[in-house]
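Engineer: The following comprises the amino acid sequence and a computationally predicted model.
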Amino acid sequence: MNLRTVEAKAFVPAADIRVSSDFYLALGFEIPWASDELAYVRHGDSSFLLQAFDEPGFIRSFQMHLLVENVNDWHARVLASGVAQRFGVKVGEVVEQPWAMRDFTLFDPCGVLWRIAQNTPARPHA
């Protein structure tokens, strides 16, 4: 019996799948396949499915986490992409977190919260 898994993908909600698709493309993601209801979105080895799903309560509660090698480079890329102005979204500052990560927050156009993070050496407990 082979129970090896290959990957797990989240279905990220999108109130307007076309606007959300444009947002992710502006950030440098690829969309190799899309329909009116679903889009396969990827960046490197990371991917998710963008789904036309307009349930405001669910969208406001939905979060994604993207682990990257260099959070400062990603933050600079997000700012340089102009998505904050173009899509009216919020981009947070890079913050040192107590859970051994540095991260920043980014909201997509429909309100999905992303935490883009890099691992840091664990601090000893006090």
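Structural biologist: Done, it's in.
Engineer: CA only for contacts and neighbour counts going forward, please
Structural biologist: OK.
Engineer: what about residue 3, neighbour count?
Structural biologist: For residue 3, the count of nearby residues is 5 (other Cα atoms under 10 Å).
Engineer: What strand or helix carries it?
Structural biologist: Assigned by DSSP states H and E, residue 3 falls within no helix or strand.
Engineer: try the one 10 residues further on
Structural biologist: Here residue 13 sits within strand 11-14, counting by DSSP H and E.
Engineer: and that strand, which residues are buried?
Structural biologist: Buried positions in strand 11-14, judged by neighbour count with 16 or more other Cα atoms under 10 Å: 12-14.
Engineer: go on, stretch 3-23?
Structural biologist: 12-17, 20-21, 23.
Engineer: ditto for stretch 95-114
Structural biologist: Buried, per 16+ other Cα under 10 Å, within stretch 95-114: 101-114.
Engineer: quick one: that stretch to chain centroid distance?
Structural biologist: Stretch 95-114 sits 9 Å away from the centroid of its parent chain (Cα atoms, centre = their mean, to the nearest Å).
Engineer: And for stretch 9-29?
Structural biologist: Once both centres are worked out by Cα atoms, centre = their mean, stretch 9-29 turns out to sit 9 Å from its chain's centre.
Engineer: okay, and the helix or strand of the chain with the least pLDDT?
Structural biologist: Ranked by mean pLDDT, DSSP states H and E, the helix or strand of the chain with the weakest confidence is helix 56-61, at a mean of 92.
Engineer: Other residues contacting that one?
Structural biologist: 13-14, 110-113 (Cα atoms under 8 Å, 6 or more residues apart in numbering).
Engineer: Of those, which pair is most distant in space?
Structural biologist: Using Cα to Cα, the pair of these lying farthest apart is 14 and 113, separated by 11.9 Å.
Engineer: Tell me where this structure is predicted with low confidence.
Structural biologist: By pLDDT under 70, the low-scoring segments of the chain are 123-126.
Engineer: at 80 instead, please
Structural biologist: Within the chain, the segments meeting pLDDT under 80 span 122-126.
Engineer: All the helices of it, residue numbers only.
Structural biologist: 17-26, 56-61, 71-81, 83-87 (DSSP state H).
Engineer: That'll do, ta.
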